[in-house]
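Chemist: Quick one: sequence plus predicted model below, questions after.
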Amino acid sequence: MTFSLPTLDENLHAELIEFRRELHRYPEVSGEEVETANRIQDALKKHGIPFQTGFAKTGILGIIKGNKEGPTVALRADIDALPITEQTNLPFASEVEGKMHACGHDVHTTMLLGAGIVLNQMKSDLAGTILLVFQPAEENAPVGGAQPMMDDGVFAEYKPDVIFGQHVWPDLPVGQIGVRSKEMMGATDRFKIVINGSGGHASMPHQTNDAIIAANHVVTMLQTIVSRNTNPIDAAVVTVGKIEGGYRYNVIADKVTLEGSVRTYTQQTKEIVKQRFHQIVENTAIAMGATAEIEYIDGYEATINNPEWAELVKMTAQEILGSELATPKVDPSLGGEDFSRFLKNYPGAFFWLGTAIDGREIQKPLHDPYFECNEKAIPIGVHMLSNVTLQALQRLSL
Ligand code: ZN
């Protein structure tokens, strides 16, 4: 399959690649994006784009005001890295041990900057305001960076009529955009259970209350939530990912710890899972004569697009990439994303930008120490953000 890929002005292209590689070399994890924020501010200053700071500590709001009054379109990029040691041999691989841009947020930041530069050059012809939201701490669930930015008043002065977010996607080739009219990403909750029994000698079970047996029943019973309690049409996952307990072969365990994750799309299904989860864990432990302590952490909500704005993204992608093949049908992902917090407050859409590495049969996934992002996608991402903005300004002015 071949696509006619859009290009950028040569100087801007070179600047963006250099900017991206610099971010990639010096990743900063959630809440610590100080140098990253400085680099963004320097670039905005250089291009004469006004900005405000002080949102969620390191967050930045770039503001492009058109020549005439009009609607407000916000674009968001997350800027944080992950606590992972990079294993790629890229010439611009991370120079910070234990930190890596393994989710492509360096590329998101670069493309938002690029779109900002392009749109700023057009501002005398524009009616409306464009907000460039550089958001920290996306990887820091459940707190994240989106809600703290809103709490700090990022949209106090300018209220978006629509907001868009873009994420690199290694499962799609360069030249394709993934977008769905509703569910894009899942709600991600997390739990920890401590089962307390009483221990003793392996030969005298009658004097004990075996926490391992109780934990086994809890794990088994939890499997009935998705098979018996949730609507089979609505996706849900309950995973126990970690189990820890016991001392040695001839001792009955007094305590077992379980940790895991709950993934859903709809609020209704999430509530059903959460409620059944508590009932099952508490009552199974009681039935086994043990007790359970539950820590259930509500994570990011599901990322649900507005159909009309998803459609605008889709149409824009087909126009830029010159083919209907540019927007294949994609399944939603149960990964988490705190762009959902923006979408809870403002209409908009989140979409995926194909960044697969050419000629590689199996792509390294996001959050992998070998993850790589195809830089050929950067001009596409810049065009997507800027053209989606122009289309949205036009649509909102009708
Ligand atoms: Zn990410």
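Modeler: Perfect, I can see it now.
Chemist: what about the strands in the stretch 51-200 of the chain?
Modeler: Under the criterion DSSP state E, counting those that start in this stretch, strands of the stretch 51-200 of the chain are mapped to 51-55, 59-65, 68-78, 127-135, 162-169, 177-178, 183-185, 187-196, 200-201.
Chemist: Same list (these) but as CSV, adding mean pLDDT, mean neighbour count and distance to residue 31.
Modeler: From N, CA and C alone the C-beta is placed, and that goes for glycine too. Listed next are the strands of the stretch 51-200 of the chain as CSV, based on pLDDT from 0 to 100; neighbours: other CB atoms under 10 Å; distance: least, CB to CB, whole Å:
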stretch, mean pLDDT, mean neighbour count, distance to residue 31
strand 51-55, 98, 17, 13
strand 59-65, 98, 23, 11
strand 68-78, 98, 22, 12
strand 127-135, 98, 25, 12
strand 162-169, 98, 26, 20
strand 177-178, 98, 25, 29
strand 183-185, 95, 24, 22
strand 187-196, 96, 21, 18
strand 200-201, 96, 14, 45
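Chemist: Let me know which of these is the nearest to residue 362.
Modeler: strand 162-169 (14.9 Å; CB to CB).
Chemist: so what does that closest one touch, helix or strand wise?
Modeler: On a contact count with 3 or more CB pairs under 8 Å, 6 or more residues apart in numbering; DSSP states H and E, strand 162-169 meets strand 68-78, helix 105-121, helix 307-321, helix 339-345, strand 348-354, helix 377-397.
Chemist: got the angle for that strand vs helix 377-397?
Modeler: Between strand 162-169 and helix 377-397, the angle comes out at 160 degrees (axes from the mean of the first three to the mean of the last three CA atoms, to 10 degrees).
Chemist: residues in contact with strand 162-169?
Modeler: Contacting residues not belonging to strand 162-169 are listed as 71, 73-77, 103-104, 107-108, 111, 133, 178, 309, 313, 337, 339, 342-343, 346-355, 366, 373, 377, 381, 384-385, 388-389, 392, 396 [CB atoms under 8 Å, 6 or more residues apart in numbering].
Chemist: and the residues you listed, which are buried?
Modeler: For the contacts of strand 162-169, a burial check counting by 16 or more other CB atoms under 10 Å picks out 71, 73-77, 103-104, 107-108, 111, 133, 178, 309, 313, 337, 339, 342-343, 346, 348-355, 366, 373, 377, 381, 384-385, 388-389, 392.
Chemist: roughly how far apart are the residue lying closest to residue 190 once chain neighbours are set aside and residue 304?
Modeler: In space, and not counting its chain neighbours, residue 190 is closest to residue 297: 4.6 Å by CB to CB, 6 or more residues apart in numbering. For residue 297, the distance to residue 304 equals 21 Å [CB to CB, to the nearest Å].
Chemist: Mind checking which of these two has more residues around it?
Modeler: Between residue 297 and residue 304, counting by other CB atoms under 10 Å, residue 304 is the more crowded of the two (23 against 13).
Chemist: Can you give me the pLDDT of the more buried one?
Modeler: pLDDT recorded at residue 304 is 96.
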